[in-house]
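*Asks:* Return a 3D structure for these sequence lines:
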Amino acid sequence: MKKTWFISDLHLDPSRPQLFTVLLDFLDHIEPQADALYILGDLFEFWVGDDLIQSPLGAVYLPILQRLKSLSNQGIALYFIQGNRDFLVRETFVQYIGAKLLPDTQVINLYGKPTLILHGDTLCTDDKGYQRMRALFRMKLIQKIYLSLNLENRTKRAQSVRHATKKQTQEKHSSILDVNQQAVKQLMQENSVTQMIHGHTHRPAIHKLTINGEKATRFVLSDWHDKASFIEASEEGVRLEI
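*Replies:* Numbers count the residues shown, from 1 in each chain. Reported below is the predicted structural model:
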């Protein structure tokens, strides 16, 4: 039986080499039965531009990218949605691994069930400061200026921003960092779906709700630590592995 897999929030970084091994083992595991693999953002702790692939700084990521490419070469469909850490992923990256870059939100036919997939940060509407920062970082002019810097400077700036945002996150109430329930319902209504899959919050769970009088489900992916966390879908249903 073929299956479709969803992952997010791996936050791959050279400082955590064990995660590279965990991911490679996961890809080996799913290869024989995979129909498709959806990466729903934050594959990397930060991605400073697609030119990283051909640079010495990016060499550490090549085994992962080449393994993903090998899956694609074997006919496994790969899809990528940008997260808040890797929003600078562009066509060069997805072409390299043989994937398709999807928009921030996408409705897919998941074994007969229309399913809305996204990274999930746009649902955290109570965190006004984050949403302002997100809008700023997605401005084409800001990205153009940033990408004009050399890779070393981009990396240093990304690390600095990451340090600052981590401190700010620690100071915020946990409820602000989670999704807004009304934002969830509104987005599901707008897309006429009763099933949603996302990551970002690092709060893995299966939430039951009601959309326009119909039973609905929201699956939340986990971030990765010492083992793979994923959603496995098939004609038999959807399973969350934490």
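*Asks:* all contacts plus neighbour counts: C-alpha atoms, from now on.
*Replies:* OK.
*Asks:* Tell me the secondary structure at Leu10.
*Replies:* Put simply, Leu10 is coil when judged by DSSP: H, G, I helix; E, B strand; the rest coil.
*Asks:* and it, backbone torsions?
*Replies:* Here is the backbone geometry of Leu10 (degrees, to the nearest 10): phi -80, psi -30.
*Asks:* From the chain's centroid, how far away is the helix or strand harbouring Val107?
*Replies:* Assigning secondary structure by DSSP states H and E places Val107 in strand 105-110. Taking CA atoms, centre = their mean, to the nearest Å, the mean C-alpha location of strand 105-110 is offset from the chain mean by 15 Å.
*Asks:* which helices and strands sit right next to it?
*Replies:* Judged by 3 or more CA pairs under 8 Å, 6 or more residues apart in numbering; DSSP states H and E, strand 105-110 is in contact with strand 113-118.
*Asks:* In contact with the residue nearest the centre of the chain: list those residues for me.
*Replies:* The centroid of the chain falls nearest to Gly41 when counting by CA atoms, centre = their mean (1.6 Å). Counting by CA atoms under 8 Å, 6 or more residues apart in numbering, Gly41 makes contact with 8-9, 80-86, 119, 199-200.
*Asks:* For these, pick the one with the most neighbours.
*Replies:* Neighbour counts for these peak at Ser8, which has 30 neighbours (criterion: other CA atoms under 10 Å).
*Asks:* Identify the residue spatially nearest to that one, adjacent ones excluded.
*Replies:* Distances taken as CA to CA, 6 or more residues apart in numbering place Leu40 nearest to Ser8, at 4.9 Å, with adjacent residues excluded.
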